[in-house]
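**Student:** After the sequence you'll find the predicted model.
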Amino acid sequence: MTEPLIRPKRKDPLKRSRQPTLPPAWRSRTAHVLTRVAAEGRFAMQFCPACEIYCYPSREACPQCLTADLIVKDAPRDGVILSETTVRVPSDVYFRERAPWRIGLVHLTCGPVLVSHLHGDCKEGNAVRMSFQIDKAGQAVAFARPKAETPFMSDDKQWREMTADPKFRRVLITNGRTPVGQEIAQALKAAGASILFVGIAEPWKPFPGEDALRGIEGIDIVPLDVSDEKSVFDLAADIGGKVDILINTSEHIRAGGLFDRTGTTTSHVEIGQVYMGLVHLAQAFGPAMRSRGADGTNSAAAWVNILSAYALTNWPKFGQYSAVQAACLSLSQCLRAELRPGGVRVMNVFSGPLDVEWFQTLPPPKVAPRALAASVVRGLKEGLEDVFVGEVAEDIRKRFAANPKALERELGE
Amino acid sequence: MKNAPLAEFASALASGAVKIVDLTFTLSPDFPMIVLPPEFGQAMPMRIQQISRYNDAGPGWYWNNITLCEHTGTHFDAPIHWYTGKDLPNAALDALPAADMIAPVCVIDCSAEAAADADFLLTVPAVEAWEARHGRIPERNWVLLRTDWSKKDMRTYANLKDDGAHTPGPDAEVMRWLVHERGIIGFGTETIGTDAGQGVHLDPPMPAHHYLHGAGRYGLQCLCNLDQLPPTGAMLVTAPLKIENGSGSPLRVLGLVTNGT
């Protein structure tokens, strides 16, 4: 049975912070098939359509017919643990610091046998539920969990290394003025976050939902205007060493492409609020988070960006908005690379139009802020990198993967 | 002897017989801005981006880039700011006569009325009552409405409710009267805007903007320290930036006060 996590005591200020170490990172380009799968929380492997077999580990050709025409196909998650091994004194520094560490051989019902990290509640001979996880080095690894929920299952030491579970962690939500920010605050509180810092820009301006937000137990309303460099650095000076999960909810949603907007003021504002906001937050909070990636139970764990699915391909009706989202998507990849040495993951949550005022004239389906918040929590608990929320985002993802040029034409019609 | 008035002025400054009062808020990123319906273009608040501060971006020097609206913080409104002044000659800042940048000032203290009613409106009878005590407002004088609004915290200073801002200002008739019957050079307030928070509901809407700028006169807003000015006898120094075709400008507003008045 999993030992429940104990709420961490305040840190001894005389103690040195452990520096993050990482598990082995190198993978072949072919192996990154699984990185993509793990990033989205899918369980898929290479598959040979001719032989109808799954192939693992990733390879260039089918081991039976030698065709190079392997596809990636979702696979059933069921498997049985053939054998387990407890590594007590690993030579690798990352695993040595976390030893003993359990791994095992899992026979998948769909064929392959793979080496997997094991949840503490999984024993030899058990049927398990498999997943590919992004580990601290950003690489896909196999992980076996019990098929049914066990007590305190998500508190498992090895599982927690693969996720960014909010339990007992301190969270900064950068904009609490919006329905999205407020729903995420409620959801993170329910998920066990210990402190919720919620940023409020222009505190002299009232906003809907303010009383309910202030009423959440454990909430700490902080002054934060992400478009203002000084405001962001001032807040980081105060709480930068205590932010374990940063959720960037800053937004500026305005319709319009190029020709139907008068002047460039709105463009400057959306770049200032959204793109420069991300730059300011990353420069102010990123370095401290990177250095705190192995800082005990409440180590820095994740950075979350709320993005539009139209970051992938421009939607001209919201053309400049899409462009700024695309810039943020690009910058998030830079941020992910720069946070990786600390083992801090960057999760991008993509949604289609939200059910909020600025998308008022659009027909359904629209994403409820509450559904978006639930996806943020699910993504953190599952350790995902790319989360697509709602039918529109999922549709965009599929069409983009199939033919980006077709998607561009279709969105422009 | 030709320089005698200025020499006298210099010695009055040196002796403290004339003191200088700074009527300006600090230009800071968190100072409230005018709030328009969000579908309109918005004024940018003050933003300061550090270029260097004795660091690798500039080892020996500190400086910043700034971005802001012409109407951010304590600022000056030129006639071209409002449609009523758009066709006037010399309506923009770069054509502003230098002679208009120093002028006498009358200060009407309505701090008690504003404390009692956030929507207090200055009226002609109220100004006539003030004139009964202090004399007729001379032509080409500034008129400043003292409300002590600048002493409030930022939230009550902006005082936004679900039907918009509630801050004191002038009614429509008093603005027409001050401009056309008294010939003032401009009108200034402590609040965000020369008009009342609910001024859009007056007739004409935003009467301070309407009448002042329609007659080529000026506005000042977000002033502070008006309680340090006497009702009459002080001078204002109001030199906005010389922005090409500018509609307004942040500026340092100085009040020159004879000590003991």
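**Tutor:** Sure thing, it's come through. Just so it is clear, the structure is predicted and the values come from calculations on it, not from any experiment.
**Student:** Need the single longest helix in chain A, by residues.
**Tutor:** helix A:319-339 (DSSP state H).
**Student:** The following helix or strand past that helix pairs with which strands, and in what direction?
**Tutor:** Note on helix A:319-339: by DSSP states H and E, the next helix or strand toward the C-terminus is strand A:345-351. Paired neighbours of strand A:345-351 in the sheet (DSSP bridges): strand A:302-308 (parallel), strand A:386-389 (parallel).
**Student:** Check these for me and report the most buried one.
**Tutor:** strand A:302-308 (a mean of 26; mean count of other Cβ atoms under 10 Å in any protein chain shown). Using the backbone N, CA and C atoms, a C-beta is placed for each residue, glycine as well.
**Student:** buried sites along the longest helix of chain A?
**Tutor:** Neighbour counts over helix A:319-339 (16 or more other Cβ atoms under 10 Å in any protein chain shown) mark A:319-329, A:332, A:335-336, A:339 as buried.
**Student:** Now A:Val243. Its backbone dihedrals?
**Tutor:** phi -90, psi 110 (degrees, to the nearest 10).
**Student:** ugh, typo on my part, it should be A:Ser194
**Tutor:** The phi and psi values for A:Ser194, taken as degrees, to the nearest 10, are phi -80, psi -40.
**Student:** from what I can see it touches A:Phe168, true?
**Tutor:** Yes: the pair A:Ser194 and A:Phe168 qualifies as a contact (Cβ atoms under 8 Å) at a distance of 5.1 Å.
**Student:** so what's in contact with those two at the same time?
**Tutor:** By Cβ atoms under 8 Å, 6 or more residues apart in numbering or on different chains, A:Ser194 and A:Phe168 have these common neighbours: A:7, A:298.
**Student:** Buried by neighbour count: which residues of stretch B:104-119 qualify?
**Tutor:** B:104-111, B:114, B:118.
**Student:** residues in contact with residue 118?
**Tutor:** Just so you know, I chose chain A. A:81, A:84, A:102-104, A:143-144, A:158.
**Student:** should've been chain B
**Tutor:** B:159, B:166-168, B:197.
**Student:** Over to it: give its phi and psi.
**Tutor:** phi -60, psi -20.
**Student:** And the helices in the chain, which stretches?
**Tutor:** No chain was given, so I picked chain A. With DSSP H, the ranges of helices along chain A come out as A:32-39, A:93-98, A:157-161, A:179-190, A:210-214, A:229-239, A:265-270, A:276-291, A:319-339, A:369-382, A:390-402, A:404-411.
**Student:** nope, chain B please
**Tutor:** Here chain B has its helices, by DSSP H, at B:4-15, B:111-116, B:124-134, B:154-158, B:172-180, B:207-214.
**Student:** what pairs with the nearest residue to A:Met45 once chain neighbours are set aside across the strands?
**Tutor:** Leaving aside its chain neighbours, A:Met45 sits nearest to A:Tyr54 (4.8 Å; criterion: Cβ to Cβ, 6 or more residues apart in numbering or on different chains). For A:Tyr54, the residues forming beta bridges with it (DSSP bridges) are A:Phe47.
**Student:** Residue in the stretch 151-261 of chain B with the shortest distance to chain A?
**Tutor:** Here the stretch 151-261 of chain B gets closest to chain A at one residue, B:Met154, 4.1 Å apart by Cβ to the nearest Cβ.
**Student:** Surely that residue and B:Pro29 touch.
**Tutor:** No: judged on Cβ under 8 Å, B:Met154 makes no contact with B:Pro29 at a distance of 11.9 Å.
**Student:** coming back round to it: as CSV, the strands paired with strand A:345-351 with distance to B:Gly214 would be great.
**Tutor:** Formatted as CSV, those follow (distance: least, Cβ to Cβ, whole Å):
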stretch, distance to B:Gly214
strand A:302-308, 45
strand A:386-389, 53
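**Student:** Turn those strands into CSV, columns for mean pLDDT.
**Tutor:** Below are the strands paired with strand A:345-351 laid out as CSV (pLDDT from 0 to 100):
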stretch, mean pLDDT
strand A:302-308, 98
strand A:386-389, 98
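**Student:** now the residue nearest to A:Met45: how far from A:Leu34?
**Tutor:** Distance, A:Tyr54 to A:Leu34, using Cβ to Cβ, to the nearest Å: 12 Å.
**Student:** what residues are shared contacts of these two?
**Tutor:** A:Met45.
**Student:** Stretch A:332-347 - what's its average pLDDT?
**Tutor:** Stretch A:332-347 carries an average pLDDT of 98.
**Student:** how far out from the middle of the chain is it?
**Tutor:** 10 Å (Cα atoms, centre = their mean, to the nearest Å).
**Student:** and chain B, which residues reach chain A?
**Tutor:** B:29-30, B:32, B:35, B:41-42, B:44-45, B:47-50, B:154-155, B:157-158, B:160-162 (Cβ under 8 Å from any Cβ of the partner chain).
**Student:** check contacts around residue 143.
**Tutor:** Chain wasn't specified; assuming chain A. By Cβ under 8 Å, 6+ apart, the residues touching A:Phe143 are A:116-119, A:130-133, A:158-159, A:162.
**Student:** if you could check chain B rather than the one you did, that'd help
**Tutor:** B:105-108, B:137, B:178, B:182, B:184, B:186-188.
**Student:** Sounds good, over and out.
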